[in-house]
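S.K.: after the sequence you'll find the predicted model.
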Amino acid sequence: MNYNVNEKGYYGEFGGAFIPEMLYPNVEELRQKYLKVMAEPEFQKEFNQLLKDYVGRPSPLYFAKRLSEKYNTKIYLKREDLNHTGAHKINNTIGQILMAKRLGKTRIIAETGAGQHGVATATVCALMGLECIVYMGEIDIARQAPNVARMKMLGAKVVPALSGSRTLKDATNEAIRDWINNPVNTHYIIGSAIGPHPYPDMVTRFQAVISEEIKWQLKEQEGRENPDYVVACIGGGSNAAGTYYHYLHNPDVGIIAVEAAGLGVDSGESAATSVLGKEGIIHGCKTLLMQTKDGQITEPYSISAGLDYPGVGPMHAHLAKTRRAEFMAITDEDAMNAGLELCKLEGIIPAIESSHALAIFEQRTFKQDDVIVVSLSGRGDKDLQNYIEYFKI
Amino acid sequence: MNRIKQKLNEDKKLLSIYFTAGYPKINDTVSIIQDLEKNGVDMIEIGLPFSDPLADGPTIQDSSTKALKNGMTTEVLFNQLKDIRKTVEIPLIIMGYFNPMFQYGVEAFCKKCKEIGIDGLIIPDLPVDVYHEEYQTIFEKYGLINVFLITPQTSDERIRYIDSISTGFIYMVSSASTTGAQSGFGNEQTAYFERIAKMNLKNPQIIGFGISNNETFTQATQYAKGAIIGSAFVKHLTKSGVNTIEKFIHAILKN
């Protein structure tokens, strides 16, 4: 079984490029060039240099001793939260800004939900001196004020998405419309492993540095490259794609994907796409998608803005369908408690997205000698207000 | 012969109108179609509303959202249209995004279109290649014409390819934009219109995006077989309701 993208842009039956003709020249240019550009030694050199000196990589692989004791197993945290800008998102934006420059683009657009990808994009645009426009749902702008301010300080223009539910899905629609209206000078930096081919594969390759590092870091600490499980939360699925990438074809390594159950998978207020979704087309790819029986895309819900997306990257849809990955759904409540637990046990305040991945230890038992690597995809500073309100701190 | 082909053979410039089914009111669909035909429109694109219309600007987005709130679904639209051929003769095209059709089942959707008397489909997010490889035989089985878009950025080579797959007309998007974004044509557009006209494609072209009045209609049809008005008509419905369609169409066709 192949879990990587095939030459036509599909992961099994998922993926492809379902885009209006207006976007064809841009997406086709990217498709023809992305692998060649990424393989250039100069590109690799610049990418790796920036990941090291600017992002602060490698991010530590930390053995969480007290957490491991509590759950009687061996838990390692891949500390993407320690990256510059506070999450894994910057790995991809560094890669894509270098790609955009090589394609001769001078104007950058992006979508953002909680604002993490928006901040990571605004950051690399400032670094490279490129114009940056970030689309963000009007509702998200109101509830993520600190990130809006950060983007503005970094020189980006934040444009409210006023259509539909005025959240991430609609911000993505607006970014795509912007690209249709500005086809020549603009590159669209998609923030997750979604969108038309080659985006899911390109984003995955930029995030693959996560599992590349896990391999040698684990070797140093445990004497072996392969953990028994890799665990990550999934909205669109970019941190998960990067965490799994080098283990996809290694049957010794179990893959656990953690979705947001919101108020409960059957509550009507959930974002557990692998359970609630059906095959469909969103934002340019065929994937699992939450929708009505008429094919209208429905509104997901999760307390975590980064997981509040009605689809999932096509690679993950394929991992779900083939059962290569074990999918779990974690409620708001369980995620929030797991987040607070990490604060108390390890002195780390995680992003609420990452807290979902940490919550699996209450739901599922592991063997005492199992080695489990959890992607701690982001830090919780951005979620302080949420934590404060939830726990009445 | 398919009604679209018959219409394209007529010795006149064609006016095609787009509207969103179920807007302004859920049951306006049939009367809007009848009124458009009565007032001299040559072809109609019935918009099947979608929650996330990527290629559309605010006007058609809003009408789609409203139509969905009004209760429009694929099934409701098919029911509304079931007797349409008893009263309407001009070509009817359903324009919509791929996901609702995909969920209905592409073959079931096409079969239903044939039963009703729909002549063609425009599906902006179904790429030519995917259509050609997976769905063309189904469309042909039910006598449906699938209409593809080209834009000023489309290469000559790709235009030739699209022309080879097309069997009705080519939908020529006037400029790099979503719907309803442009007003009037500049030199860049007319140069593009001329370039395409000189390519001698086997399929006639109909220009859409940016046509809103008599002036732009006349300008576009100097270079092409016809023109499509969408957002401007939907705006008119929003502002003036369904009882003044005659006035809108006559203003476009006044010459």
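M.R.: Cool, got the structure.

S.K.: pLDDT at the residue nearest to A:T186 when sequence neighbours are not counted, what is it?
M.R.: Ranked by C-beta to C-beta, 6 or more residues apart in numbering or on different chains and with sequence neighbours excluded, the top spatial neighbour of A:T186 is A:R107, at 4.5 Å. (Glycine included, C-beta is placed from N, CA and C.) The confidence metric pLDDT takes the value 98 at A:R107.

S.K.: which ones are touching A:R107?
M.R.: Residues in contact with A:R107, defined by C-beta atoms under 8 Å, 6 or more residues apart in numbering or on different chains, are A:130-131, A:133, A:182, A:185-187.

S.K.: wait, which of those residues is closest to chain B?
M.R.: The shortest approach to chain B among the contacts of A:R107 belongs to A:N182, at 7.4 Å (C-beta to the nearest C-beta).

S.K.: any residue of stretch A:191-211 up close to chain B?
M.R.: No: judged by C-beta under 8 Å from any C-beta of the partner chain, stretch A:191-211 and chain B are separated, with a smallest distance of 9.1 Å.

S.K.: now that stretch, how far from the chain's geometric center?
M.R.: Chain-centre distance of stretch A:191-211: 9 Å, with C-alpha atoms, centre = their mean, to the nearest Å.

S.K.: cool, and stretch A:147-160?
M.R.: For stretch A:147-160, the distance to the chain centre is 20 Å (C-alpha atoms, centre = their mean).

S.K.: and the pLDDT for the residue positioned nearest the centre of chain A?
M.R.: In chain A, the centroid-proximal residue (C-alpha atoms, centre = their mean) is A:S238; its distance is 3.1 Å. Reported pLDDT at A:S238 in the predicted model: 97.

S.K.: how near is it to chain B?
M.R.: The gap separating A:S238 from chain B is 21 Å, by C-beta to the nearest C-beta, to the nearest Å.

S.K.: so what's that residue up against?
M.R.: Shown in contact with A:S238 (C-beta under 8 Å, 6+ apart): A:88-89, A:92, A:191-193, A:203-204, A:207, A:313.

S.K.: out of those residues, which sit inside strands?
M.R.: Using DSSP state E to define strands, no part of those is located there.

S.K.: what is the neighbour count of the closest residue to A:A359 other than its chain neighbours?
M.R.: What sits nearest to A:A359 in space, not counting adjacent residues and going by C-beta to C-beta, 6+ apart, is A:A338, at 3.7 Å. Here the number of neighbours of A:A338 (other C-beta atoms under 10 Å in any protein chain shown) works out to 23.

S.K.: dump the residue contacts of A:A338.
M.R.: Applying C-beta under 8 Å, 6+ apart, the residues contacting A:A338 are A:330, A:355-356, A:358-359, A:361-362.

S.K.: span of stretch A:75-93 from start to end?
M.R.: Stretch A:75-93 has an end-to-end distance of 29 Å (C-alpha to C-alpha, to the nearest Å).

S.K.: with stretch B:107-126 instead?
M.R.: End-to-end distance of stretch B:107-126 (C-alpha to C-alpha): 15 Å.

S.K.: how about the strands of the stretch 201-350 of chain A, start to end?
M.R.: With DSSP state E, counting those that start in this stretch as the criterion, the stretch 201-350 of chain A has strands at A:229-233, A:254-262, A:278-282, A:285-289, A:325-331.

S.K.: between those, which one is closest to chain B.
M.R.: Of all these, it is strand A:278-282 that lies closest to chain B, at 4.6 Å by C-beta to the nearest C-beta.

S.K.: circling back: where neighbours are concerned, which of the contacts of A:R107 has the most?
M.R.: With neighbours taken as other C-beta under 10 Å, the top of those is A:H187, carrying 23 neighbours.

S.K.: which two from the contacts of A:R107 end up farthest apart in space?
M.R.: A:L130 and A:N182 (13.4 Å; C-beta to C-beta).

S.K.: doesn't A:I108 make contact with A:Y135?
M.R.: No: at 11.7 Å, A:Y135 does not count as touching A:I108 under the criterion of C-beta atoms under 8 Å.

S.K.: from A:W179, how far off is the residue nearest to A:A359?
M.R.: 37 Å (C-beta to C-beta, to the nearest Å).

S.K.: around chain B, pick out the residues from the stretch 151-300 of chain A.
M.R.: The stretch 151-300 of chain A has residues A:163-164, A:169-170, A:173, A:176-177, A:180-184, A:278-284, A:289, A:291, A:293-298 near chain B, with proximity defined as C-beta under 8 Å from any C-beta.

S.K.: which among the residues you listed end up buried?
M.R.: Neighbour counting with 16 or more other C-beta atoms under 10 Å in any protein chain shown marks A:163-164, A:169-170, A:173, A:176-177, A:180-183, A:279-284, A:289, A:291, A:294-298 as buried within these.

S.K.: find me the pLDDT at the spatially closest residue to B:E215 that is not a sequence neighbour, would you?
M.R.: The spatial neighbour of B:E215 that comes closest, neighbours along the chain excluded (C-beta to C-beta, 6+ apart), is B:G184 at 7.5 Å. B:G184 is assigned 77 on the pLDDT scale.

S.K.: how about the strands in chain B?
M.R.: Under DSSP E, chain B gives strands at B:14-20, B:43-48, B:92-96, B:120-122, B:145-150, B:170-173, B:205-208, B:226-229.

S.K.: and the most centrally placed residue in chain B, what does it touch?
M.R.: Nearest to the mean C-alpha position of chain B, by C-alpha atoms, centre = their mean, lies B:E45 at 3.9 Å. Counting by C-beta under 8 Å, 6+ apart, B:E45 makes contact with B:16-19, B:93-95, B:122, B:228, B:230.

S.K.: chain A next: which of the residues you listed are close?
M.R.: Near chain A, taking C-beta under 8 Å from any C-beta as the test, no member of those is found.

S.K.: show me which of these is closest to chain A.
M.R.: Checking those against chain A by C-beta to the nearest C-beta gives B:I122 as the nearest, at 10.8 Å.

S.K.: and that closest one, how many residues sit next to it?
M.R.: Each residue near B:I122 was counted by other C-beta under 10 Å, and the total is 21.

S.K.: excluding chain neighbours, what is closest to it?
M.R.: Spatial nearest neighbour of B:I122, chain neighbours left out: B:M95 (4.1 Å); criterion: C-beta to C-beta, 6+ apart.

S.K.: correct me if wrong: the one you found contacts B:L126.
M.R.: No: B:M95 is not in contact with B:L126 according to C-beta under 8 Å; the separation is 11.5 Å.

S.K.: residue contacts, the nearest residue in space to A:E212 that is not next to it in sequence?
M.R.: For A:E212, ignoring the flanking residues on the chain, the nearest one in space by C-beta to C-beta, 6+ apart is A:H246 at 5.8 Å. Residues in contact with A:H246 (C-beta under 8 Å, 6+ apart) are A:208, A:211-212, A:214-215.

S.K.: quick check on the residue of chain A found nearest chain B: phi, psi?
M.R.: Using C-beta to the nearest C-beta, A:G295 is the residue of chain A that sits closest to chain B, at 3.4 Å. Torsion angles at A:G295 (phi, psi; degrees, to the nearest 10) stand at phi 90, psi 20.

S.K.: next, the contact list for residue 229, please.
M.R.: I went with chain A, as the question did not name one. Contacts of A:Y229 (C-beta under 8 Å, 6+ apart): A:253-256, A:366, A:370-373.

S.K.: my question was about chain B, not that one.
M.R.: So B:I229 contacts B:15-18, B:208, B:211-212, B:217, B:252 (C-beta under 8 Å, 6+ apart).

S.K.: state the distance from it to chain A.
M.R.: To chain A, B:I229 is 19 Å away according to C-beta to the nearest C-beta.
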